[in-house]
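Participant: Generate coordinates for the sequence data below:
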Amino acid sequence: MELNPALYLIPVNISNAPLRDTLPEGNLDILRHLHHIIVENVRTARRFLKRCDPGFDIRSVTFYELNRHTDLGEVSTYLEPLRRGEAIGVMSEAGCPAVADPGALPVSLAQREGFKVVPLVGPSSILMSLMASGFNGQGFCFNGYLPIEQKEREKKLRDLEILSKKNDMTQIFIETPYRNNRMIAAITSVLRGDTLLCVACDITDPENETILTMPVSKWKQAKYDYDKRPAIFLIYAPGRNIVTR
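Facilitator: This is a model prediction of the structure:
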């Protein structure tokens, strides 16, 4: 198999589920023929490649790290193999590269220079949580992390609730896993009781996955423990197509 010169965006598993359940075999075929890969962390990237194929020849791959420590002025040089007519891969730590991920920068550079960009199929916790929430999937917004400071966070939550109601839009956000329980407590103390909250946790994990949608009033009375587990939060102010009880 010979790869066409392109920037291949390679999703990574988001749980310990068997790879055959979350990643197409075609992705693995492409991985086996890449010799240049942009990654967040070389060590975890090597581990993922070995999990995909224990016989993977790691020594044949040149890795380029792109994370918060990277001099962004150097990222353009990562595309030199592409300029020579060779394929390059971009991998996230988990999920889809360039979505809530620094991989967007090399994609932007490749688009600017007219190179082909090939997004591959794979798990996205943002989209999968939206699919399972029962909320509006035609109008939604991913907001990343909310402010840490209490008053700013409370204001942001109220603003998102207003936007959801006004624009019939699902609002999606994330939190550092060890603060998940505090996030739910903040949501239930600030938002209206009939606003809907979905917490999607450990997505694709066959043993631990939980995706639960309830009105804020019920979450306020519920027992839960989502700390130290990867989770996505979605809120939706009730509309005519949503059942709230």
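
Participant: residues in contact with the longest helix along the chain?
Facilitator: Longest helix in the chain by number of residues (criterion: DSSP state H): helix 150-167. Helix 150-167 has contacts (Cβ atoms under 8 Å, 6 or more residues apart in numbering) with 139, 141, 143, 146-147, 169-171, 173, 186-187, 189-192, 195, 235-237. C-beta: built from backbone N, CA, C; applies to glycine.

Participant: Apply 6 Å and report the result again.
Facilitator: Contact with helix 150-167 is made by 146, 147, 171, 186, 190, 191, 195, 236, 237, as judged by Cβ atoms under 6 Å, 6 or more residues apart in numbering.

Participant: which one is the third one nearest to, not counting chain neighbours?
Facilitator: Put plainly, it is residue 171. Spatial nearest neighbour of residue 171, excluding adjacent residues (Cβ to Cβ, 6 or more residues apart in numbering): residue 160 at 4.2 Å.

Participant: Count the neighbours of the one you found for me.
Facilitator: Residues lying near residue 160 (other Cβ atoms under 10 Å) number 25.

Participant: tell me the mean pLDDT over the longest helix of the chain?
Facilitator: Throughout helix 150-167, pLDDT has a mean value of 97.

Participant: Ok, stretch 212-221 next?
Facilitator: 97.

Participant: Buried residues in it, which are they?
Facilitator: 212, 213, 214, 215, 216, 217, 218, 219, 220 (16 or more other Cβ atoms under 10 Å).

Participant: all strands for this protein, in order.
Facilitator: Using DSSP state E, the strands of the chain run over 7-10, 36-39, 62-65, 88-91, 117-119, 140-145, 170-174, 196-201, 210-215, 231-236.

Participant: who wins for proximity to residue 99 among those?
Facilitator: Closest to residue 99 of these is strand 140-145 (Cβ to Cβ; 8.2 Å).

Participant: in that closest one, what counts as buried?
Facilitator: Across strand 140-145, burial judged by 16+ other Cβ under 10 Å covers 140, 142.

Participant: What is the neighbour count of residue 127?
Facilitator: Residue 127 has 18 nearby residues by other Cβ under 10 Å.

Participant: coming back round to it: distance to residue 34 for the buried residues of stretch 212-221 - can I get that in TSV?
Facilitator: What follows is these, written out as TSV (distance: Cβ to Cβ, whole Å):
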residue	distance to residue 34
212	39
213	39
214	44
215	47
216	46
217	50
218	47
219	44
220	49
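
Participant: Out of these, which comes closest to residue 43?
Facilitator: Nearest member of these to residue 43, counting by Cβ to Cβ, is residue 212, at 34.2 Å.

Participant: need the contact list for the closest one.
Facilitator: Contacts of residue 212 by Cβ under 6 Å, 6+ apart are residue 199.

Participant: and the gap between the spatially most distant residue from the centre of the chain and residue 36?
Facilitator: Distance to the chain centre peaks in the chain at residue 84, reaching 31.0 Å (criterion: Cα atoms, centre = their mean). Computed as Cβ to Cβ, to the nearest Å, the residue 84 to residue 36 distance reads 10 Å.
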